[in-house]
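S.K.: Structure of the sequence below:
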Amino acid sequence: PGQPPAYVPPPLLPRPEVPDAPRWLLPAAAGAGAFAAVALPDAQAGLGLVLVAMVLGAGALPAVTRRMTPWTVAFGLTAYGLISMAAVRDADWLVAILLVAGAGLGALAVSGAGAGWLGVIRGGASVLLALGPVPWFLAGPVKKLTNRRRVLPTVAALGITAVLLAVFGLLFASADAVFASYVKWLTTTPDWADSAPLRIFLFVLFGVLLAAVVLVALRPVADPVGPGTKFAVSRSIWLLPLTAVNLLFAAFVAVQITALFGGDTLVLRTAGLTYAEYARQGFFQLVVVSVFVLGIVAVAAGLLKVERRERWVLAGLLGVLCGLTMVVLASALHRMNLYTDAYGLSRLRLSVEATVWWLGALFALVMVAGAARLAGRGSGWLPRTIVLVTGLGLGVFAIVNPDLRIAQSQVEARAVDKMDFAYLGDLGAEAVPALDRLPEPHRSCVLARVAATNGLLRSDPWNGWNLARSQAVELLAEKPVTRSAQCSPLFRSRSD
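M.R.: Have a look, this model is predicted:
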């Protein structure tokens, strides 16, 4: 009998299934990496970051056009709109949110996914998930590039070129002093050599990132819609709980109508109730209630299997629940408005107000989707629409200019002796025009801190250009701040 075959251990890293890389991938990845290495270091988030995003999109465009759809265009344009705000807004907290959202929308556009919620999640994370197979994706082009028949002639040509340039360059430099000065400038170690490790890292990072984007675009769409199995349950299991919850919501709404239209008098008449307590103790609970309702609607509409004659009853109960929840959101917004009227806006207050409006838009979309289902039409557009509305909402939030609105409300709504100057000093450069209206010495103290925090003491380089910072630098140049020993006591943080 023959000898058994020798044991061959499986590979430590199994080769994933990847498509063939296009010929233009390596030059495009090298170009994107080189541009990122030049445009990103030694600057704050600004124009350079926006241009790098445009270069990545242009480099991947030949692959993305294979699956271009109206959804792809909408997601892509929204993504670039959010990312471009890095050259307009200066507030770090806002720019970070916009960049993350823009990257997710861009990945969703490239992947072509989004027919269901699982597809939306996988599509948004598709580029990150593709970073793992990128080495195998690039292996083919790199292997062809490093072929001995190509490498040896290239090395020889570079060596001959270097020798010829050195010989003739030295001769020309000794023959002309002006030319010698240019040679000396070219051979001097540039200032950016100190950041060479960072530039090399960015070159590799963004080259690999472009390869991951192209890989996602070339792969077939794996777009899971969601659970295919629905559960058939007795009508009483969902009828009684939904009816009871609707009655509870209706009772709460009936009480809230008085508060919504009763004005500030009701708040002040309630024993022991202040603006802060009325807003803080009720607002977040009402927002949590609305999120729970979204979960109830998702479970009832997505997992319950009901008969055709019962479908109208279930849809009616869910529609009434959504409508009542929108009134609850209006009550929460009213509570927050009472608070901000007394104490002005802050980043948290403005953000949660925007969240309430976003939740209201979500409930409106859910109700439209429910009506479409009852009319016999599909609602597969809902996940993509919610994501797109969220992205557009973030864009509107950025256009509203939160830090400027916050500074304006604080300057207009509060007396100088009640302002939190430590908080105002941490706002972005877009708040400078409003803070410029403060009386002295408060104006100089706050603006000096804003300038130091946001790098407004000098103009940005080309790759860090930002509209808000540029306008703030111009204003501070026209109306300089004056240093004062009275500033230190102002920066003791206050609380409402």
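
S.K.: When you work out contacts or count neighbours from here on, use the C-alpha atoms and nothing else.
M.R.: Will do.

S.K.: OK, contacts around Ala60?
M.R.: Contacts of Ala60 were listed using CA atoms under 8 Å, 6 or more residues apart in numbering, and they are 210, 213-214.

S.K.: swap the cut-off to 10 Å and go again
M.R.: With CA atoms under 10 Å, 6 or more residues apart in numbering as the criterion, the residues that contact Ala60 are 25, 28-29, 54, 110, 210-217.

S.K.: between the residues you listed, which is closest to Leu242?
M.R.: Val110 (40.1 Å; CA to CA).

S.K.: Can you tell me how far the nearest residue to that closest one once chain neighbours are set aside is from Ser126?
M.R.: The spatially closest residue to Val110, leaving aside those adjacent along the chain, is Ala217, at 5.5 Å (CA to CA, 6 or more residues apart in numbering). Here Ala217 is placed at a distance of 10 Å from Ser126 (CA to CA, to the nearest Å).

S.K.: got it, and Ala113?
M.R.: Computed with CA to CA, the distance linking Ala113 and Ser126 is 9 Å.

S.K.: neighbour count winner among the two?
M.R.: Remark: of Ala113 and Ser126, Ala113 carries more neighbours, 27 against 23, as counted by other CA atoms under 10 Å.

S.K.: pLDDT score assigned to the more buried one?
M.R.: According to the per-residue confidence, Ala113 scores 84 in pLDDT.

S.K.: Can you pull the phi and psi angles for it?
M.R.: According to degrees, to the nearest 10, the main-chain angles of Ala113 amount to phi -90, psi 180.

S.K.: quick one: it and Ile121 touch, right?
M.R.: Yes - distance between Ala113 and Ile121: 8.9 Å, which falls inside the contact criterion (CA atoms under 10 Å).

S.K.: so where's this structure uncertain?
M.R.: Within the chain, the set of residues satisfying pLDDT under 70 comprises 1-4, 8-14, 146-152, 154, 185-194, 224-233, 258-284, 302-304, 483-486, 489-496.

S.K.: Next, name the residue at the spatial heart of it.
M.R.: Of all residues in the chain, the one closest to the mean position by CA atoms, centre = their mean is Ala101, 2.5 Å from it.

S.K.: now whichever strand or helix holds it: how far from the chain's centre is it?
M.R.: In the assignment (DSSP states H and E), Ala101 maps to helix 92-111. Between the centre of helix 92-111 and the centre of its chain there are 3 Å (CA atoms, centre = their mean, to the nearest Å).

S.K.: ok so, going back, between the contacts of Ala60, which sits nearest Asp426?
M.R.: Using CA to CA, Met54 is the member of the contacts of Ala60 that sits closest to Asp426, with 30.6 Å.

S.K.: mind giving me the domain ranges of this protein?
M.R.: 24-160+188-218, 231-394, 404-478 (the TED database).

S.K.: Would you mind confirming that Val387 is in contact with Ala109?
M.R.: No - in this structure Val387 lies outside contact range of Ala109 using CA under 10 Å: 11.3 Å.

S.K.: Which one's more surrounded, the two?
M.R.: When Val387 and Ala109 are compared on other CA under 10 Å, the one with more neighbours turns out to be Ala109, at 28 against 20.

S.K.: Distance of that one relative to Val287?
M.R.: 30 Å.

S.K.: Now do the shared contacts for Val387 and Ala109.
M.R.: Phe75.

S.K.: So for Ala113 and Ser126, which residues contact both of them?
M.R.: Once CA under 10 Å, 6+ apart is applied, the residues that Ala113 and Ser126 both contact turn out to be 107, 119-120.

S.K.: Turn those into CSV, columns for distance to Ala354 and neighbour count.
M.R.: Listed next are the shared contacts of Ala113 and Ser126 as CSV, based on distance: CA to CA, whole Å; neighbours: other CA atoms under 10 Å:
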residue, distance to Ala354, neighbour count
Ala107, 25, 27
Gly119, 26, 24
Val120, 23, 25
